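>>> from the sequence below, what's the structure:
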Amino acid sequence: MAADLLRQSTAKARARLVLLHGWGADAGDLMPLGQALAEAIATPLELVALQAPEQQTQGSGRQWYGLFPADWAAVPAAVEGLKERINNLGSAEIPLEATVLLGFSQGGAMAMAAGCDLPLAGLIACSAYPHPHWQAPVIRPPVLLLHGRHDDVVPHSAALALKNELSPSKQACDLFSFENGHAIPVEAQAEMKKALKRWLDQTAQNA
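Model (predicted):
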């Protein structure tokens, strides 16, 4: 196990789920979610939880870039660094085309900013937001956005802004809104499972 990630895999794994934690958390934060999703689908998954590169200055967690206050000038370098890390995960056994990227909050913003430029099977962003001046490419992976209507950390309007920015593409962008706050409730996990099954079944058919 490398210091900058957690990895859980089997010899049978032919697809990958990459997890990006939120501000102030760490790589272990979303691993239980990844395990639950992996158990719910037929495709054997490799789970990779990436650790954000910076120590959070206001606590013991990690950050992809400074957020309170927001250091937007640091975002381009952070996104490029994440793209490189995801590209390096690709292998003959599990290419990027069989990889799904899932991020929460700041990790969701990073997932959208980096993942839309990569040939992934799909992108899942929960409680995410668009970075200032971000423009989504027309050619991108399919996207599932999930957001609580009562989120008091990242307002629900951020999900609407993301969906609007993603709308010119022919690829799907589905938004699932739930009656909750800044969290990933059971009903949101159910939508994630459906998306994973759909995308990875399609990937297997195209292989």
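>>> distance between the biggest helix by length in the chain and the chain's centre?
In the chain, taking DSSP state H as the definition, the longest helix is helix 186-206. Here helix 186-206 is found 14 Å from its chain centre; the criterion is CA atoms, centre = their mean, to the nearest Å.
>>> now that helix: average pLDDT?
Average pLDDT, helix 186-206: 91.
>>> by contact count, what packs against that helix?
On a contact count with 3 or more CB pairs under 8 Å, 6 or more residues apart in numbering; DSSP states H and E, helix 186-206 meets strand 15-20, helix 31-40, strand 99-104, strand 122-126, strand 143-148, strand 173-178. All C-beta spots, glycine's among them, are computed from the backbone N, C-alpha and C.
>>> partners of the fifth one in the sheet?
Based on DSSP bridges, the strands next to strand 143-148 in the sheet, each with its direction, are strand 122-126 (parallel), strand 173-178 (parallel).
>>> let me see the mean pLDDT of that strand.
Strand 143-148 comes out at a mean pLDDT of 98.
>>> to what extent is the nearest residue to Leu45 once chain neighbours are set aside buried, counted in neighbours?
Closest residue to Leu45 apart from its sequence neighbours, by CB to CB, 6 or more residues apart in numbering: Ala38 at 4.3 Å. Neighbour count of Ala38, defined by other CB atoms under 10 Å: 20.
>>> next one: Ala78
Ala78 has 23 nearby residues by other CB under 10 Å.
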